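S.K.: need a structure here:
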Amino acid sequence: MRYVKLHNDRLQAPLIEDLKVCLVLGAKLRPDNSLSPILQLRVRLVSILANAYPDWTFYISGCRSDTTVIYRTLVEEYHIPEERFVLDFCGYNTFRSVWNMEIYFGQTRFYILTSSFHIARSVRIARWLGYDACGIDISDYEKVKRNPYFWREQLAALRSLWLVFCIKTPICDIESWIYRKNLIRRLRRNEQQFDAQNEQILQRAMTNVDESMPLTEYFFRQLMEGGICSEFTQPMEEEHLVVSLSQVDCTTVIEDVLALALCYRDGRTTLADLKDYYRRMHYQDGVISFVTRNHYFTWIMQSAIKEGFVERISPDEPAFPFTGLMDLQPNYMTRNKHLFRPQMEDEKNYQAIALRQQQRVRFTYIPRELLNMPQDSELGVIRDGDILAVACDQHSWARGVEIKHLLIAKWIDGRLHFYHATTNGLGLADMDAYTYMKDKFTMIGVAVYRFKV
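M.R.: Numbers count the residues shown, from 1 in each chain. Next comes the predicted model:
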């Protein structure tokens, strides 16, 4: 196995000729979703390598949470350009992280950056797979010089050897088929549990509705009592709408709030009614299929506007305070089609999504600098309960996506605050919108949507 030592912030010879790709392996975050000491060191070393070798590309691999936090730290705190990174959200373990380099990104020659106790197994897996990989020795930067995980690494290496054997035989196809079937059965089995929870939340939310506040704010506060923030996925083999009011992210919670508000507005308060409103927002023309699913928030809002559920307050052309103009084509799905397997492996699905993405998303937004204005200024065009879509530049941490986060507006003492979904749950932010966004340079402003009463 080959290694190259990182010393005095430079790699020591011999280097691999013309190699400018580095795989950075993730690890578990702290319970509060901050970087663990291991990840803090890896992030610092990536910044060192990025400054020393400006033509390198870094592939950050892990599960969605750690990959995103690592990336955002490098971009927002170390100010490394976003285009220097490629994210792999499917690196569930060391073997998958290394294997994905070829099957998703076509890379078979690369450096591997990870902890010293972990590097031997990582390079060994790459060698078993036939890749030309070289480990980066970071022992000079580590405080702990011994390997506390020796036996774990040996056992994990045996497991990885078995996985290498499997992917070179039909066993891999069998395991993949079993996994997908089990996923579908598990989600459908859980759907009954979700529906029971949904019914309880729906009936509670519809009891003694407080009409003194906007419906969107009221129903968000109702979800705060039982809602948790999580990554909620739908079955991938067969498109099937699953609604869970108790498992949300920043996008689905907005759909949930709108669906609940529509149920109350129209006097249709059954679970079937809730799902019907959700379907009409979540899918183009309400037709359930992978291709017609509104995978981007602006697509969801286009359907909601067409159905008469919401209106866009942002004008079509720039006018104060909506002085920013966003005109782009979201392409996250086609750029990251490995995250949408197996549907995006179907050429018809791929081409249909690519065709929908060619329809430009155009809207105006309020630049973040203007969010510091008081309520009695032009910023007062925003009302309590409005939906604020945080626009991001085209090189944001979720490149190819036009919206970075979603908020529900709340004025407090003349300052614009907001409700939102975080990794810790749902709630009212402890800071105003301007303070929240001013140091996040990839958040460039907000577009505004309003529920139609």
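S.K.: Give me the neighbour count for the nearest residue to D376 once chain neighbours are set aside.
M.R.: With Cβ to Cβ, 6 or more residues apart in numbering as the criterion, D376 has its nearest non-adjacent residue at 6.9 Å, and that residue is G414. For glycine as for every other residue, the C-beta is placed from the backbone atoms N, C-alpha and C. As a burial measure, G414 scores 13 neighbours (other Cβ atoms under 10 Å).
S.K.: Please report how far G414 lies from F117.
M.R.: In this view, G414 and F117 are 54 Å apart by Cβ to Cβ, to the nearest Å.
S.K.: coming back round to it: which ones are touching the residue nearest to D376?
M.R.: P374, Q375, D376 (Cβ atoms under 8 Å, 6 or more residues apart in numbering).
S.K.: Now for the closest residue to G26 other than its chain neighbours: which residues touch it?
M.R.: The shortest distance from G26 to any non-neighbouring residue, by Cβ to Cβ, 6+ apart, is to G62 (2.4 Å). Counting by Cβ under 8 Å, 6+ apart, G62 touches L25, G26, A27, I70, D88, F89, G91, S97.
S.K.: Can I get the buried part of those residues as one PyMOL selection?
M.R.: Here is the PyMOL command that selects the buried residues among these (16 or more other Cβ atoms under 10 Å):
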select buried, resi 25+26+27+70+88+89+91+97
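S.K.: out of the contacts of G62, who's nearest L355?
M.R.: Nearest to L355 among those is F89, at 24.6 Å by Cβ to Cβ.
S.K.: Isn't the closest one up against L339?
M.R.: Yes: using Cβ atoms under 8 Å, F89 is in contact with L339, at 5.9 Å.
S.K.: Can you report phi and psi for the nearest residue to L379 once chain neighbours are set aside?
M.R.: Leaving aside its chain neighbours, L379 sits nearest to M373 (4.1 Å; criterion: Cβ to Cβ, 6+ apart). Phi and psi for M373, reported as degrees, to the nearest 10, are phi -70, psi 150.
S.K.: same deal with V75?
M.R.: phi -80, psi -50.
S.K.: Not counting its neighbours along the chain, what's nearest it?
M.R.: For V75, ignoring the flanking residues on the chain, the nearest one in space by Cβ to Cβ, 6+ apart is E82 at 5.4 Å.
S.K.: burial measure for that neighbour, as a count.
M.R.: The local packing of E82 (other Cβ under 10 Å) involves 18 other residues.
S.K.: In TSV, list the contacts of G62 along with secondary structure and distance to R356.
M.R.: Shown next, in TSV, are these (DSSP: H, G, I helix; E, B strand; the rest coil; distance: Cβ to Cβ, whole Å):
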residue	secondary structure	distance to R356
L25	strand	34
G26	coil	31
A27	coil	36
I70	helix	31
D88	strand	25
F89	coil	22
G91	coil	28
S97	helix	31
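S.K.: Which one among the contacts of G62 sits at the bottom for pLDDT?
M.R.: In terms of pLDDT, F89 ranks lowest among the contacts of G62, with 78.
S.K.: In contact with it: list those residues for me.
M.R.: Taking Cβ under 8 Å, 6+ apart, one finds G62, C63, R64, T67, N336, L339 in contact with F89.
S.K.: okay, and for this structure, where does confidence drop off?
M.R.: Along the chain, the model assigns pLDDT under 70 to residues 1, 64-65, 144-189, 226-238, 394-400.
S.K.: Let me see the domain layout of it.
M.R.: 3-169, 177-451 (automatic domain parsing).
S.K.: Quick one: neighbours of Y104, just the number.
M.R.: The local packing of Y104 (other Cβ under 10 Å) involves 19 other residues.
S.K.: how much space between it and L49?
M.R.: Per Cβ to Cβ, Y104 is found 22 Å from L49.
S.K.: Select from the contacts of F89 the one having the most neighbours.
M.R.: Greatest neighbour count in the contacts of F89, by other Cβ under 10 Å, goes to G62: 27 neighbours.
S.K.: Hmm, V361 and Q329 touching each other?
M.R.: Yes: at 7.0 Å, Q329 and V361 qualify as touching, with contact defined as Cβ under 8 Å.
S.K.: Compare the two (neighbour count), which wins?
M.R.: Each of Q329 and V361 has its neighbours counted (other Cβ under 10 Å); V361 has more, 18 against 15.
S.K.: which residues touch that one?
M.R.: Y296, T298, M326, D327, L328, Q329, P330, E402.
S.K.: Also I201?
M.R.: Q222, L223, G226, L245, S246.
S.K.: buried subset of these?
M.R.: For these, a burial check counting by 16+ other Cβ under 10 Å picks out Q222, L223, L245, S246.
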